[in-house]
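> Need coordinates for the following:
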Amino acid sequence: MSRPLLLTYHHFQPLLLWLFLTFAPWVQGDPLYEPLESISDAAYAFLLQQFADSGSRTQIEMGQLDTRLKLQRCENALEAFLPDGFSIQSSTATVGVRCVGVKPWTIFVRATVKRLETVVVALRPLTRGDVIARSDISLAERDITLLHGGYFMTPDEVIGQEVTRTIIADMVVSQAMVKLPLLIKKGDEVIIVARTSGLSVKMRGKSLMDGEKGATIRVMNLSSKREVSAVVVDRGEVEVRM
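Just a heads-up that it's a prediction; the model follows:
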């Protein structure tokens with residue numbers, strides 16, 4: 001009859017030692033190597049600092065580092081930096097992290113960046129030639145790193161502008177989609193206002209160019225037949241600034 005096998009601590013001691021040596025670095029972190037979390041944290045803190053004064057609501061997602069990476073533990077604080085030729089204004093960013101010490105090293109970490117701003121969007125479809133009214137637009141939060149065509153942040157920047165291409169509902173309104181409407185067209189009769197020393201003189205004129213508000217155009221004084229430069233201030237009205 002066989003006797004039961006009795007295992008004592010003496011039998012388990014070699015096994016316990018092997019388990020400790022094998023898995024202790026995994027549980028507690030290997031003191032010889034820089035923790036990957038420290039590298040990611042340094043890059044993350046650097047990116048947050050870059051956007052601290054931007055006014056945007058920033059979301060940063062750090063890329064995963066290769067878990068097989070073994071870098072000598074740094075005796076100094078890690079330094080994060082923006083590599084030459086790289087920008088953090090796009091939706092992806094590359095940050096350098098380096099150790100300056102006896103055994104220096106440098107690694108590059110990628111991140112996905114979202115910069116959320118409140119911008120002007122269309123409430124309904126708009127077609128070329130439409131003049132935008134307040135009821136046509138709204139404000140919504142968007143990731144501005146994806147808005148390569150630009151954007152507006154207040155309704156007043158857009159109201160009264162003329163649509164130059166089709167805009168679908170919920171689309172961000174960009175500078176390329178609108179323009180100031182023409183207040184004066186070539187050949188229009190206009191009122192020329194000349195201001196000097198607190199006085200103003202009005203005379204009839206004829207526009208020799210198209211012009212939107214704020215544009216400088218050439219007009220002819222119908223009384224003197226002289227051509228002058230004037231600024232478009234309203235529909236049918238220009239101002240000669242003296």
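> what's the domain layout of this protein?
With domains defined by automatic domain parsing, the chain comprises 36-114, 116-179, 182-241.
> Let me have these in CSV, extended by mean neighbour count.
To be clear about C-beta, it is placed using only N, CA and C from the backbone, and glycine gets the same treatment. Formatted as CSV, the domains of the chain follow (neighbours: other C-beta atoms under 10 Å):
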stretch, mean neighbour count
domain 36-114, 15
domain 116-179, 16
domain 182-241, 15
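> Now do the contacts for residue 59.
Residue 59 makes contacts with 113-114, 116, as judged by C-beta atoms under 8 Å, 6 or more residues apart in numbering.
> again, but for residue 136
122-124, 126, 130.
> Pretty sure residue 62 sits against residue 45.
No. Using C-beta atoms under 8 Å, residue 62 is not in contact with residue 45; the gap is 10.7 Å.
> Dump the contacts of residue 59 into CSV; add distance to residue 176, secondary structure and pLDDT as well.
Listed next are the contacts of residue 59 as CSV, based on distance: C-beta to C-beta, whole Å; DSSP: H, G, I helix; E, B strand; the rest coil; pLDDT from 0 to 100:
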residue, distance to residue 176, secondary structure, pLDDT
113, 24, strand, 92
114, 23, strand, 92
116, 22, strand, 94
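> in its sheet, what does the host helix or strand of residue 203 sit against?
Using DSSP states H and E, residue 203 sits within strand 199-207. Sheet pairing of strand 199-207 (DSSP bridges) gives strand 189-196 (antiparallel), strand 216-221 (antiparallel).
> Report the rounded mean pLDDT for the helix or strand following it.
Downstream of strand 199-207, the next assigned helix or strand under DSSP H and E is strand 211-212. Averaging pLDDT along strand 211-212 gives 90.
> which strands and helices sit next to strand 211-212?
Under the contact criterion of 3 or more C-beta pairs under 8 Å, 6 or more residues apart in numbering; DSSP states H and E, strand 211-212 touches strand 182-184.
> Residues contacting the strand it packs on, please?
190, 207, 209-213, 217, 232, 234-236, 238.
> hmm, try it at 10 Å
Strand 182-184 has contacts (C-beta atoms under 10 Å, 6 or more residues apart in numbering) with 162, 188, 190, 207, 209-215, 217, 219, 230, 232-238.
> again with stretch 144-154
Contacts of stretch 144-154 (C-beta under 10 Å, 6+ apart): 54-56, 58, 88-93, 112-121, 137, 139, 142, 157-159, 161, 172-178.
> same thing but at 8 Å, please
With contact meaning C-beta under 8 Å, 6+ apart, stretch 144-154 is reached by 56, 89-91, 113-120, 142, 158, 172-177.
> Doesn't residue 49 lie inside a strand?
No. The assignment for residue 49 (DSSP: H, G, I helix; E, B strand; the rest coil) gives helix, which keeps it out of a strand.
> Redo the contacts of residue 136 as a markdown table? Include pLDDT.
As requested, the contacts of residue 136 are exported to a markdown table (pLDDT from 0 to 100):
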| residue | pLDDT |
| --- | --- |
| 122 | 97 |
| 123 | 97 |
| 124 | 96 |
| 126 | 97 |
| 130 | 95 |
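> farthest-separated two in these?
The distance between the two most remote of the contacts of residue 136 (C-beta to C-beta) is 12.4 Å, for 123 and 130.
> In this structure, where is pLDDT below threshold?
1-30 (pLDDT under 70).
> which residues of this protein fall in strands?
In the chain, the strands defined using DSSP state E lie at 57-62, 79-81, 92-99, 105-122, 137-143, 162-163, 178-179, 182-184, 189-196, 199-207, 211-212, 216-221, 227-234, 237-241.
> how about the residue nearest to residue 145 when sequence neighbours are not counted, what does it touch?
Nearest residue to residue 145 in three dimensions, chain neighbours excluded: residue 91, at 4.2 Å (C-beta to C-beta, 6 or more residues apart in numbering). By C-beta under 8 Å, 6+ apart, the residues touching residue 91 are 112-114, 143, 145-146.
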